[in-house]
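Student: could you work out the structure for the sequence below:
(one chain, ligands or ions: 1)
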Amino acid sequence: MEDLKQYLKERAKEVDAALDAYLPAARTRPGTIHKAMRYSLFAGGKRLRPILTLAAAEACQGDIEEAMPSACAVELMHTYSLVHDDLPCMDDDDLRRGRPTCHKVFGDNIAVLAGDALLTEAFIVLAQSSPTRRYPMAAFVAELAITGGSTKLIGGQVLDLEGEGKDLTKAQLIRIHEAKTAALLTSSIRLGAMSANATPARLEALTIFGYNLGLAFQVIDDILDVTQTTEKLGKTAGKDEAVAKATYPAVLGLEKARKEAHRYTDKAMAALKPFGRKALHLRQIAEYLLERDY
Ligand code: GRG
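Tutor: As a prediction, this is how the structure comes out:
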């Protein structure tokens, strides 16, 4: 696990350097918007999604440099979703990544615009990818656009808002998390594979990996939310998140939720079989995410 921690640290550093190079400097006019974008982007996120993009490219024997625009694009889209999710009209969170949220520092209007600009920047950066023999530029753009759109990220957020305060079934909960969490994790992995010109069979195997990893990640996140919120009440949660949100532990109970996380991780691991040792880092990341629970 020490090796993995080193790998995650190095990859995160490479992603940070690339993001810094892609983004307009903080002094670029108008300074406020670029400062706000950079404030949220460089706030200490784990960089899980871009690292998965790079590890998927590795698993397909691709070049890390070729995968970097996709890696940065998924982190930009992720950060936009966090900035907008934290707004008073959404989750109304005061803290994110251990710091005051974007709207707390820059105001609601600039935070809306910073989210919009981060989303737009995702496509500016993605457009700097090199198309491969199997995947033209349009395939890269469609991959990320569909994931960011009304049937995935935004649709998931709508279902989440509409489900607030209601007793959701397990199927409804899964539908929300497929769209809100698993879709972007899956696209992060698919874009890495596409940058490496993966065969359709390998792309499909990594899609199954990403989907199951994404659901496992969300179950674990929900479990941590419950266990950590019990430990230190009120941490960074939205004003009345604990009562309003449907989570896996709330719907299934803690023990069943833990079993679900293991079940999804097992399915994710099984999909990596054809990749052998090339998928070592993807495997280690899946194990590591599961261990976050303990
Ligand atoms: C389009 C406004 C809008 C929302 C889309 C993705 C999303 C829906 C909302 C973001 C908030 C949220 C709780 C998403 C679920 C996925 C999740 C657990 C995100 C946190 O990801 P981490 O742990 O965060 O990778 P860091 O800070 O490490 O990048």
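Student: only C-alpha atoms from now on, for both contacts and neighbour counts.
Tutor: Will do.
Student: residues touching the closest residue to residue 170 other than its chain neighbours, list them.
Tutor: Nearest residue to residue 170 in three dimensions, chain neighbours excluded: residue 251, at 6.6 Å (C-alpha to C-alpha, 6 or more residues apart in numbering). Residues in contact with residue 251 (C-alpha atoms under 8 Å, 6 or more residues apart in numbering) are 167, 168, 169, 170.
Student: so which bits of this protein are right by the ligand?
Tutor: Counting by C-alpha under 6 Å from any ligand atom, the positions of the chain adjacent to the ligand are 45-48, 81-82, 84-85, 97, 153-154, 157, 180-181, 218, 221.
Student: need the buried ones from those residues selected in ChimeraX.
Tutor: If you want just the buried ones from those in ChimeraX, going by 16 or more other C-alpha atoms under 10 Å, the selection is:
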select :47,48,81,82,84,85,153,154,157,180,181,218,221
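Student: tell me the least confident of the residues of the chain next to the ligand?
Tutor: Across the set of the residues of the chain next to the ligand, residue 97 stands lowest in pLDDT, at 88.
Student: that one contacts residue 43, doesn't it?
Tutor: Yes: when contacts are counted by C-alpha atoms under 8 Å, residue 97 is listed as touching residue 43 (6.2 Å).
Student: drop anything exposed from the contacts of residue 251.
Tutor: Here, 16+ other C-alpha under 10 Å leaves residue 168 buried among those.
Student: mind putting the contacts of residue 251 in JSON lines, distance to residue 245 included?
Tutor: Below are those laid out as JSON lines (distance: C-alpha to C-alpha, whole Å):
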{"residue": "167", "distance to residue 245": "9"}
{"residue": "168", "distance to residue 245": "10"}
{"residue": "169", "distance to residue 245": "13"}
{"residue": "170", "distance to residue 245": "13"}
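Student: so which of the contacts of residue 251 are in helices?
Tutor: Secondary structure from DSSP state H places residue 170 of these in helices.
Student: name the nearest residue to residue 133, sequence neighbours excluded.
Tutor: Residue 133 sits nearest to residue 197 (C-alpha to C-alpha, 6+ apart), 6.6 Å away.
Student: hmm, back to that, roughly how far does the residue nearest to residue 170 sit from the ligand?
Tutor: 17 Å (C-alpha to the nearest ligand atom, to the nearest Å).
Student: give me phi/psi at that residue?
Tutor: For residue 251, the backbone dihedrals (degrees, to the nearest 10) come out as phi -80, psi -40.
Student: also residue 99?
Tutor: Torsion angles, degrees, to the nearest 10, at residue 99: phi -130, psi 160.
Student: same check, this time on residue 160
Tutor: According to degrees, to the nearest 10, residue 160 has phi -60, psi -50.
Student: my guess is it contacts residue 176, does it?
Tutor: Yes: at 6.3 Å, residue 160 and residue 176 qualify as touching, with contact defined as C-alpha under 8 Å.
Student: where does residue 177 sit, in terms of helix or strand?
Tutor: helix 170-177 (DSSP states H and E).
Student: for the next helix or strand after that helix, give the mean pLDDT please.
Tutor: Next helix or strand after helix 170-177 toward the C-terminus (DSSP H and E): helix 183-195. Averaging pLDDT along helix 183-195 gives 98.
Student: need the next SSE after helix 183-195, C-terminal direction.
Tutor: Downstream of helix 183-195 (by DSSP H and E), the next one is helix 200-231.
Student: check which helices and strands that next one sits against.
Tutor: Helix 200-231 is packed against helix 170-177, helix 183-195, helix 248-252, helix 254-271, helix 280-291, with contacts defined by 3 or more C-alpha pairs under 8 Å, 6 or more residues apart in numbering; DSSP states H and E.
Student: pull out the buried residues from it.
Tutor: In helix 200-231, counting by 16+ other C-alpha under 10 Å, buried: 202-203, 205-226.
Student: next: stretch 166-185.
Tutor: 168, 173-185.
Student: of those, which is the nearest to residue 39?
Tutor: Among the buried residues of stretch 166-185, residue 184 lies closest to residue 39 (C-alpha to C-alpha), at 21.8 Å.
Student: that'll do, ta.
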